[in-house]
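In: Pasting a predicted model and its sequence here:
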Amino acid sequence: MDPDDFSIDALFADMPKENRLGFFTDSALDLGPEYAEVVAMLNELVAADEPYADEDGYQWQIIAHEIDAEHQRVAWVEWREKDSGRITHDNYYLKARDDAGSLLMWEIETYNPYFGCSVRFLHWVEDAVVIIYEDKHDTYAASLKTGADIRRIEIPHEWNVDRKVLAYHSKTGEEIKLRLPALERV
């Protein structure tokens, strides 16, 4: 028996390569691809002129991404959309591969995904991916890392990140400073 018969490509030959690498799927299946292979696919998908179409009729696109070559980790946001006649189904996913190559995934919470999700900040801070995004009405900061629950808070539309500190003013005018990636007061 040929050892190549047991390779990931051979065992999952019916699965599109994008899905095997963690892209354009709502599955958290992690087949442990190499960093270079993930980066090459991420760059290819970001540069694509047309959305990726899956077998269920969803159109997928990467709307934001971050490559941290120094620590060999990546993060990206995917938008999935399907028009079903009178209804359009939209979902947004924050995905990442940490420095161990583990796949992290969180379906981004929005007021109504149909109205969009605008990524304003996506960056690795220490061992977590920090995202700041806006939906139809509000702005949120969230932190995703291996082995921890997602941390998500609502923040005002006006904010600033300086090094590892997220700063903004509350509705009463108080300056709030939160340490990243913990999203806890300094």
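Out: Perfect, thanks for sending it.

In: Now for Asp135, how many residues are close by?
Out: Using other CB atoms under 10 Å, Asp135 is surrounded by 18 other residues. Quick note: C-beta positions are derived from backbone N, CA and C, even for glycine.

In: Is the closest residue to it other than its chain neighbours part of a helix or strand, or is it coil?
Out: Of all residues not flanking Asp135 in the chain, Thr110 sits nearest, at 3.9 Å (CB to CB, 6 or more residues apart in numbering). Look at Thr110: counting by DSSP: H, G, I helix; E, B strand; the rest coil, its state is coil.

In: Surely Thr110 is in contact with Val119?
Out: No - with contact defined as CB atoms under 8 Å, Thr110 and Val119 do not form a contacting pair (11.6 Å).

In: how about the residue nearest to Ala142 when sequence neighbours are not counted, phi and psi?
Out: Nearest non-adjacent residue to Ala142, counting by CB to CB, 6+ apart: Arg152, 4.1 Å away. Per-residue torsions, Arg152: phi -140, psi 130 (degrees, to the nearest 10).

In: how about the helices in this protein?
Out: Ranges of helices in the chain, per DSSP state H, are 8-11, 17-20, 35-47.

In: and the second one, which residues are buried?
Out: Of the residues in helix 17-20, those buried under the neighbour-count criterion (16 or more other CB atoms under 10 Å) are Glu18, Asn19, Arg20.

In: One more: the longest one?
Out: Residues of helix 35-47 classed as buried under the neighbour-count rule (16+ other CB under 10 Å) are Tyr35, Val38, Val39, Met41, Leu42, Leu45.

In: between those residues, which is closest to Val161?
Out: Ranked by distance to Val161 (CB to CB), these are led by Leu42 at 23.0 Å.

In: thinking the closest one is in contact with Glu66, fair?
Out: No - between Leu42 and Glu66 there is no contact under CB under 8 Å: 9.8 Å.

In: shared neighbours of those two, anything?
Out: Val74, Trp76 (CB atoms under 8 Å, 6 or more residues apart in numbering).
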